[in-house]
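1. Can you look at this prediction? I've put the sequence above it.
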Amino acid sequence: MQNKPKIAFFDFAGCEGDQLQVANLEESLLDLLGHVEVVSFREVMTGHSEDYDIAFVEGSITRPEDEARLKEIRSHAKILVAFGACATIGGVNAMKNFMSETMYRRQVYGDNARCYSTYAARPLSAVVKVDAEIHGCPIDRNEFMRIVKDLLVGKRPFVPDYPVCAECKQAGNICRYDLGQLCLGMITRAGCGACCITEGAHCWGCRGLAPMANLDAARYVMEERAGYSRTEVQDLLRIFLSHTTAPL
Amino acid sequence: MSAKKVTGNAGGKAGKKSSGGSAAPAQDTKASGKPASGVAAEAAMQRGGSAGPKPMKAAGSGAPVSSCACTDPGIAAEAAAGDGSKRIHVHHVTRVEGHGNIVVVIGADNAVETVRWEVPEAPRFFEAILQGRSYKDVHQIVSRICGICSIGHQLSSLQATEDAMNIRISEQTVTLRKLAIHAENLQSHLLHLAYLVLPDLMGVNSVIPLAETHKSELVGLIGLRRLANEFSRTICGRTTHPQRMVPGGFTKLPDESELQVLLQSFRDSLPGFLKAADLFASLRHKLPDFSRETEYIGLVSPSEYALYRGEVGSTDDSRKPASFYKDVTQEYCVPQSTAKWTKNMRGSFMVGALSRYKLNHTHLKPTAKKVAETVGLTPDTVNPFHNNLAQLVECVHSVEDSMELIHWLLVEGVKREKAPVIRPRAGRGVGAVEVPRGILFHSYEYDSKGRIVEADCVIPTNMNHANIQKDLEGLVPVIAHTSEAEIELLTSMLVRAYDPCISCSTHCIDITPGQMSKPDRGVRFVYKGR
Ligand code: SF4
Ligand code: SF4
Ligand code: SF4
């Protein structure tokens, strides 16, 4: 039992789907627990300690008071891992960043609009230094295990820097464009095995922009070649990529 | 409010003496203006011998607030209590999804001063971000409201969209969707029972130590849960935020060999469920013996244990179609909560497994009925802690019903179907499904291009908040004489019994001023121009 690395889980604005993926590891979770000591995981355990080595943080920062709490977490953690699209790229929460704050407050809380604090949603990296990222909405359980193992042995985890299209080809899917549908696979970071396309859907871009994604080319394909309107393309880009450098 | 008599509780039952002050039963708080101070007296707990409840500062008065001071009042708001007092502040209740706090202050001679259930979760504004979104993406976006109920949110959303655009779905799609609901219920109930409730019953603080002390029981439950995940993946594509469901049908279908495998695993799993039933039966006495009668609401259907479709039923009220959901869930704001509260015939109501069981138990499959007997669950129970037992019964029902549904699919053959032609049109639609924590409504208004003009999502945990507050008000006076640790444990267990998923309950819509006192009668949904 001596000197097991201590890990802790925290969440901000999100759906807790990523922590659920950790719980979904089922039997492998028990294996993992043989190698680490979980000191804080509010969703599954009572008790909390501020002594931890690795902090896994889910959700995006949407209120001033969240920043203080995140900085506090940062100050205790040796390694801070952002996990899930909300934490890495702002996720669906950032969709509201395109709207007027007055409007979305009033829309949801009416007369009490000013009672609840909120501001534009942002990823963790906009507030503190993030050491590693686990992408996806939700994260992939196997990738989570791989990255945790890397971190435990002190290795920098590998995250693919090529687009989903590469994995989509490997999976043997017919390109959505050949079926007359939109898809963001060409600008999105791989690592999910193109699972959504394989399941009959298209890529929504939940893993964020691939480094060096050629957005001009993507726009050319989507608008000029495939003939989608600016609005349709924007609809798709604004689900997950709202807080990126993509020209939306 | 109707003249329907709202009687106190189980106070008269089993020769229990309800301690003084019960003259004021659960009042309609709107009418009384004052918090129902008699609520405390409603508590009837066999432990008995507690100090008579004093009127307390019940924060959940239900009176609509026009201005509120802050989001998270916190313990600082309470003046320092005198000597001999107890104060319990459970900051972010653990083993529930999302952030909720319990604040209890008990003065000298065990007089209860404050009991408050707070929700300080960061609001995420889903109804607002849906505005202007295309009907093609809506169900994927709302899926992100909750990781645990992502399938349910998608289904309720798809129903609302299909209702608004008059899209008919095939019998096969209905069957697959019913399977999807069962998969989610199984996943969520087993997670809750094994990882969140079991530790309380075993007297430990998380599931982790059980891996050593109760390995075989735990591995059994984890195995069942893995099956539930596999079930969900086979039907929907992914366990969380699935990709296959779209308005009108599925983009990919499970193949028959996968369904055969699933069917066989379900058959093999039944002994495991019976073992789990024995386990919970042996731990049943650890569930506090606390009763408080309330209104129970859930989907009902004459033909089945309603989960995917049905009418909104209630123990106190007449049945209504889902389009009248605003009548049933009169939402209001309270200062201590970023989530809205609801009420129907009384000051609060309960939704979830226990409500469904109470309303639909006659439609349970045979083994599920047997399990209900094993764990000692009866339809007349008014103990909120029994929600956990009802969850186990539902798990078994879901397995049995899924076997029948899969059998039907295999007999009919899984067919590739042509996607229905969808012509976007302006209109409104409402969807209602039973998700693990209770009934879930989505209601959308679309413009002629198929983009959302207004969206409203009323989420089960939201409906339960007021009831949690009232249960706490009932529970605390009867346990006021016990230690702070005991009070903290029992109040946390009570909250956990509801299996709240707070993160999704925090975004609810549009409470146009005045609406709280004069609820929208819902008629505008009736003339949809079908
Ligand atoms: S990234 Fe997706 S799964 Fe994770 S918290 Fe955000 S919405 Fe949920
Ligand atoms: S665009 Fe999409 S469907 Fe086409 S290859 Fe890339 S990932 Fe696959
Ligand atoms: S295919 Fe796209 S949307 Fe789906 S998981 Fe991969 S990156 Fe995310």
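-> Yep, that arrived. Numbers count the residues shown, from 1 in each chain, chains lettered A, B, ... in the order given. Ligands and ions are numbered 1, 2, ... in the order given.
2. does the nearest residue to A:His202 once chain neighbours are set aside count as helix, strand or coil?
-> Excluding the flanking residues, the one nearest A:His202 by Cβ to Cβ, 6 or more residues apart in numbering or on different chains is A:Cys183, at 4.0 Å. Every C-beta, even on glycine, is put in place using the N, C-alpha and C of the backbone. Using DSSP: H, G, I helix; E, B strand; the rest coil as the criterion, the local structure at A:Cys183 reads coil.
3. residues in contact with residue 221?
-> No chain in the question, so chain A it is. Neighbouring residues of A:Val221 by Cβ atoms under 8 Å, 6 or more residues apart in numbering or on different chains: A:Tyr177, A:Met186.
4. You answered for a different chain; I wanted chain B.
-> B:Leu221 touches B:Leu190, B:Leu193, B:Ala194, B:Leu198, B:Ala276, counting by Cβ under 8 Å, 6+ apart.
5. what about 6 Å?
-> Neighbour list for B:Leu221: B:Ala194 [criterion: Cβ atoms under 6 Å, 6 or more residues apart in numbering or on different chains].
6. What mean pLDDT does the longest helix along chain B get?
-> What stands out as the longest helix in chain B, according to DSSP state H, is helix B:256-283. Here helix B:256-283 scores 95 as its mean pLDDT.
7. Where does chain A get nearest to chain B, residue-wise?
-> Residue nearest to chain B within chain A: A:Gly17 (2.5 Å; Cβ to the nearest Cβ).
8. State whether that residue and B:Thr240 are indeed in contact, as I suppose.
-> Yes. Assessed by Cβ atoms under 6 Å, A:Gly17 is found in contact with B:Thr240 at 4.7 Å.
9. hey, what's in contact with both of the two?
-> Counting by Cβ under 6 Å, 6+ apart, the residues touching both A:Gly17 and B:Thr240 are A:Pro138, B:Gly147.
10. Can you give me the buried ones in the strand or helix carrying B:Val396?
-> Using DSSP states H and E, B:Val396 sits within helix B:387-412. Under the neighbour-count criterion of 16 or more other Cβ atoms under 10 Å in any protein chain shown, helix B:387-412 has B:387-403, B:405-406, B:409 buried.
11. Following element in sequence after that helix, please.
-> Remark: after helix B:387-412, the chain's next helix or strand is strand B:427-435, criterion DSSP H and E.
12. Can you give the contact residues for the helix or strand following that next one?
-> Next in sequence after strand B:427-435, counting helices and strands by DSSP H and E, comes strand B:438-446. Contacts to strand B:438-446, defined as Cβ under 6 Å, 6+ apart, come from residues B:152, B:156-157, B:160, B:164, B:298-299, B:325, B:351-352, B:426-433, B:452-458, B:460.
13. So what's the residue count around the spatially closest residue to B:Gly220 that is not a sequence neighbour?
-> Spatially, and ignoring its direct neighbours in sequence, B:Gly220 is nearest to B:Gly272 (5.4 Å; Cβ to Cβ, 6+ apart). A count of nearby residues for B:Gly272, using other Cβ atoms under 10 Å in any protein chain shown, gives 15.
14. Kindly provide the distance from B:Lys136 to B:Thr251.
-> According to Cβ to Cβ, to the nearest Å, B:Lys136 stands 12 Å off from B:Thr251.
15. So which of those two has more stuff around it?
-> Applying other Cβ under 10 Å to B:Lys136 and B:Thr251 shows that B:Lys136 carries more neighbours, namely 18 against 15.
16. list the contacts for the most centrally placed residue in chain A?
-> With distances taken as Cα atoms, centre = their mean, chain A has A:Ala85 as the residue nearest its mean C-alpha position (1.4 Å). By Cβ under 6 Å, 6+ apart, the contact set of A:Ala85 is A:Gly91, A:Cys137, A:Cys206, A:Phe240.
17. tell me, how many neighbours does the second one end up with?
-> Neighbouring residues of A:Cys137 were enumerated by other Cβ under 10 Å; the total is 29.
18. And the first one, by the same measure?
-> Number of residues near A:Gly91 (other Cβ under 10 Å) recorded here: 29.
19. okay, and for the chain, where does confidence drop off?
-> Here I'm looking at chain A. Along chain A, segments meeting pLDDT under 70 span A:1-2, A:43-48, A:100-117, A:246, A:248.
20. Wait, chain B was what I had in mind.
-> For chain B (pLDDT under 70), the answer is B:1-84, B:94-99, B:120-123, B:331-341, B:345, B:502-530.
21. Return the nearest residue of it with respect to chain A.
-> Residue nearest to chain A within chain B (Cβ to the nearest Cβ): B:Gly147, separated by 2.5 Å.
22. which residues touch B:Val197?
-> Residues in contact with B:Val197 (Cβ under 6 Å, 6+ apart) are B:Asn388.
23. Help me confirm that the residue nearest to A:His202 comes into contact with A:Arg176.
-> Yes. A:Cys183 is within contact range of A:Arg176, at 3.9 Å (criterion: Cβ under 6 Å).
24. Could you check which of the two is surrounded by more residues?
-> A:Cys183 (27 against 20).
25. what sits against the more buried one?
-> Here A:Cys183 is in contact with A:Arg176, A:His202, A:Cys203 (Cβ under 6 Å, 6+ apart).
26. Could you list the buried residues of the helix or strand encompassing A:Ala68?
-> Taking DSSP H and E as the criterion, A:Ala68 maps to helix A:64-76. For helix A:64-76, the neighbour count (16+ other Cβ under 10 Å) marks A:Asp66, A:Glu67, A:Leu70, A:Ile73, A:Arg74 as buried.
27. Let me see the contact set for the first one.
-> Translated: A:Asp66. A:Phe12.
28. Show me the strands in chain A, by range?
-> Taking DSSP state E as the test, the strands found in chain A are A:6-11, A:37-41, A:54-58, A:79-83, A:132-134.
29. possible to save the ones you listed as JSON lines with distance to B:Leu494?
-> As requested, these are exported to JSON lines (distance: least, Cβ to Cβ, whole Å):
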{"stretch": "strand A:6-11", "distance to B:Leu494": "23"}
{"stretch": "strand A:37-41", "distance to B:Leu494": "22"}
{"stretch": "strand A:54-58", "distance to B:Leu494": "26"}
{"stretch": "strand A:79-83", "distance to B:Leu494": "31"}
{"stretch": "strand A:132-134", "distance to B:Leu494": "35"}
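30. mind checking which of those is nearest B:Arg496?
-> strand A:37-41 (15.0 Å; Cβ to Cβ).
31. for chain A, what are the nearby residues on the stretch 151-300 of chain B?
-> Within the stretch 151-300 of chain B, the positions lying close to chain A (Cβ under 6 Å from any Cβ of the partner chain) are B:195, B:205-206, B:211, B:222, B:226, B:229, B:237, B:239-241, B:243-244, B:251-252.
32. again, only using 7 Å
-> Contact residues (Cβ under 7 Å from any Cβ of the partner chain) of the stretch 151-300 of chain B with chain A: B:191, B:195-196, B:205-208, B:211, B:222, B:225-226, B:229, B:237-241, B:243-244, B:251-252.
33. Could you turn the buried ones of those residues into a PyMOL selection?
-> Selection of buried members from those for PyMOL, criterion 16+ other Cβ under 10 Å:
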select buried, chain B and resi 191+195+196+206+207+208+211+222+225+226+229+237+238+239+240+241+243+244
